[in-house]
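In: Sequence plus predicted model, see below.
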Amino acid sequence: MTFWDKAQNVDRRVIYTLLIAILAYILIKPIGLPILITKETKAAYDNLDKVPAGSIVWFSADYGATSIPELLPAQIATMRHAFKKNLRVVAGGMWNEAGNLADMVWQEVKKDFPDKKYGIDFVNVGYKPGGAVLLERMVNDAHQALLGVDFYGTNFAELPLMSEFKTFRDVKLIFEFTAGTPGEQDYMKMVTDPLRIPFSAACTAVSTPGIKPFVQSGQMQGLLMGMAGAAEYELLVGKPGTAIVSMDAQSAAHLLIILFILLGNVGYVITRKRPSARV
Amino acid sequence: MRREGPIILAGMAGLVSIISCFFGAPGFKVVKDELDQWFLIATNFMVLVGLINLTMIHWKRVSQKRAGWGYSVALLVAAYFFIVHGLVRGSVGDVQYKWMYNTFFAPMSGTMFSLLAFYIASAAYRAFRIRTAEATLLLVSAVLVMIGRVPIGSAIWDKFPSIASWIMDYPNNAGIRGIQLGATVGGMATALRILTGIERGHLGSDV
Amino acid sequence: MFVEGSAIQIWISALLTLAILSVVYKDNPFYRFAEHVFVGCSMGYNVVVSWYSYGQPAITKSIMKEGKWLYIIPILLGMLVYTRYFKPIAWLSRYSIAFSIGYGSAYVLTRDTRSLILLPIVGTFKPLLVSGDIWQTFSNWVLVLGVVCTLVYFFFTTGRKGALGVGANIGKWVMMVALGSAFGNTVMARVSLFVGRLQFLLGKWLHVIKA
């Protein structure tokens, strides 16, 4: 076996070991590569930034714990931005874990905004089933659609913010954190396209190709694409978090995978051109 | 009623929604709003199907002491402990229940999917070969996006980010939009087939 | 004990994380155990969340407090699905499924057209001549031609001859680029997930990096 034959058949455990070692090393000793802000992230930032102070915004956590590394930092950064702008946030979602995730964000962000009070500046309505049908119902009667209780079991009557959030028409912007279905398409179909409510989103990198066409068509104003998008938003908000810290490791992993792909292909091309042995 | 009933119900339920969309008569709207609420409630009460199936499969494994039955015990204990604990605590937002979610569910969920990082690295290395022109184009596009979307791309060459951005903005949007348009029309055709009773696969094999 | 960020929480999470990651080396009892516990937790959590998010409020609030007794009908309709476990009356479960799928299908018919067909098509109408900007003109051609040719690629009812053949070929190339970018983004997503877990292990558990 020549070197180029071996290059096409590196043991998977070597790849795994290198991946773990390099990522761990870079996390321990980050390089500090500069992060460029994409136009999509800037558009999402500007979309939230121009919402008037005191307005109500809806944050939808349509993802699970599997997407926490990509979307939780984005949700934390956008919540910080919203509170800096004195916006009032109602959080919920169409996925099971929406309530827990919104709670994680609230527990993290309220440390920096001790004046923000639950029930006045922020309400977590948690997960409600139904997907598109839920959103349709919320366009007309959010309290009825949400059955009048929040994630913690508190009645809406005890939450002053909910007296002003009766339907989606009371919301000045929808920011969705999406990892799949139900997700952004349901919002566009039921809420943002019919009512023309400004709509931005943060998505997992794997969803980015499918969502970008909607940004291009103007149906969404801005998109945080994966962990890179979350890192960019953290930079814009001025409070570094887990996303920024991870980007160097992300870079290293990409480079490693690309090098292995190139190695395999160079080996393939060279061995393919080799004349076959004659017997 | 075993065959025709469900088909008629599906059609009628859908018809109310369709009529209220095109005709704004107040009566229809009230009925539709009520049916929306019924849909939300009905679908919520179907959630136990997964739990029952899982319990049946794993209980059988335990009672027959099949290979790996110990793991089935762990599964059933975990499932019912989470349920009983949640019902006792009175709310999903309860401090203890949140602790259970953050300690057990969230880390395991995240780690399960993080295994994909290894598999995709290995799969990309092994399977991505430039055997044809199409495969080469796919590979070039993938590599350019991978390098352009992370900070090291701009550190190597300042044009990488804009190349990746252009690929995402134009060819990606074009290809994906074409696929999405086709898929949407296909989905609408399937929906029409379901409402008219032509498509019955969801009702079982003997309908 | 039930304090967020407590040592016991971090240690349990870390050990479960390592148990699952151990499968990368090879399948082993620790992984199998953690995998089964995860499936169990997931199912239990889903049931509890569904109950408190909509089940319990529907019964205690809407029906008992607000007197909306009609809601008993959808509750019973939803619960009909469980008749599938009893062979003589298993056919009743079709009503539950028919209602939810039929109702959902109507939404597809009435709502998809504007947001998933019309507005994207409008977004595709880009100027094919941008004066003074050759690159933008070229890019717009890529977009418009790309969408049209991708759609042509999926015409299976006619033969791929002449213009349709050329269009389908262009569509194929456009899709190769799109799928390549999709793959690149998929790699990015998967790596992010592992970086997140590694951050937890090195930060919150081992305190080697700032958590």
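Out: Sure, I can see it.

In: residue contacts, B:Ser122?
Out: A:12, A:15-16 (CB atoms under 8 Å, 6 or more residues apart in numbering or on different chains). To be clear about C-beta, it is placed using only N, CA and C from the backbone, and glycine gets the same treatment.

In: These into a markdown table, with extra columns for distance to A:Val125, secondary structure and pLDDT?
Out: Below are the contacts of B:Ser122 laid out as a markdown table (distance: CB to CB, whole Å; DSSP: H, G, I helix; E, B strand; the rest coil; pLDDT from 0 to 100):
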| residue | distance to A:Val125 | secondary structure | pLDDT |
| --- | --- | --- | --- |
| A:Arg12 | 45 | helix | 89 |
| A:Ile15 | 44 | helix | 93 |
| A:Tyr16 | 42 | helix | 94 |
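
In: tell me which of the residues you listed is nearest to chain C?
Out: A:Tyr16 (5.4 Å; CB to the nearest CB).

In: could you check the distance from the closest one over to C:Val24?
Out: 5 Å (CB to CB, to the nearest Å).

In: which residues are in contact with both of the two?
Out: Common neighbours of A:Tyr16 and C:Val24 (CB under 8 Å, 6+ apart) are B:Phe118.

In: B:Val62 contacts B:Leu76, doesn't it?
Out: Yes: B:Val62 is within contact range of B:Leu76, at 7.3 Å (criterion: CB atoms under 8 Å).

In: pLDDT at residue 151, what is it?
Out: Assuming you mean chain A. If you check A:Phe151, the pLDDT there is 95.

In: Oops, wrong one, chain B.
Out: Looking at B:Pro151, its pLDDT is 95.

In: Equivalent analysis for the one 5 residues further on, please.
Out: pLDDT, B:Ile156: 94.

In: what does A:Arg278 give?
Out: 46.

In: What of B:Val207?
Out: 54.

In: In this structure A:Ala231 contacts A:Met247, no?
Out: Yes: counting by CB under 8 Å, A:Ala231 touches A:Met247, with 5.0 Å between them.

In: lowest-pLDDT helix or strand in the chain?
Out: Assuming you mean chain A. When each helix and strand of chain A is scored by mean pLDDT, DSSP states H and E, helix A:3-7 comes last, with a mean of 81.

In: wait, chain C
Out: Per mean pLDDT, DSSP H and E, helix C:93-112 ranks last in chain C, at a mean of 90.

In: Would you mind putting the CA coordinates of that helix into PDB?
Out: Taking C-alpha atoms only, helix C:93-112 is exported to PDB below (Å, rounded to 0.1, in the frame of the first residue of the first chain):
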ATOM      1  CA  SER C  93     -58.900   5.400  16.000                       C
ATOM      2  CA  ARG C  94     -59.300   6.400  12.300                       C
ATOM      3  CA  TYR C  95     -61.600   9.200  13.400                       C
ATOM      4  CA  SER C  96     -58.900  10.900  15.500                       C
ATOM      5  CA  ILE C  97     -56.400  10.600  12.700                       C
ATOM      6  CA  ALA C  98     -58.800  11.700  10.000                       C
ATOM      7  CA  PHE C  99     -59.800  14.800  11.900                       C
ATOM      8  CA  SER C 100     -56.300  16.000  12.600                       C
ATOM      9  CA  ILE C 101     -54.900  15.200   9.200                       C
ATOM     10  CA  GLY C 102     -57.900  16.500   7.300                       C
ATOM     11  CA  TYR C 103     -57.900  19.700   9.300                       C
ATOM     12  CA  GLY C 104     -54.200  20.100   8.800                       C
ATOM     13  CA  SER C 105     -54.500  19.500   5.100                       C
ATOM     14  CA  ALA C 106     -56.900  22.300   4.700                       C
ATOM     15  CA  TYR C 107     -54.300  24.700   6.100                       C
ATOM     16  CA  VAL C 108     -51.800  23.500   3.500                       C
ATOM     17  CA  LEU C 109     -54.300  24.200   0.700                       C
ATOM     18  CA  THR C 110     -55.300  27.600   1.900                       C
ATOM     19  CA  ARG C 111     -52.200  29.100   3.400                       C
ATOM     20  CA  ASP C 112     -49.300  27.800   1.300                       C
END
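
In: Flag the shaky bits of the chain, pLDDT-wise.
Out: Chain wasn't specified; assuming chain A. A:275-279 (pLDDT under 70).

In: Switch to chain C, please.
Out: Judged by pLDDT under 70, the stretches of chain C that qualify are C:211.
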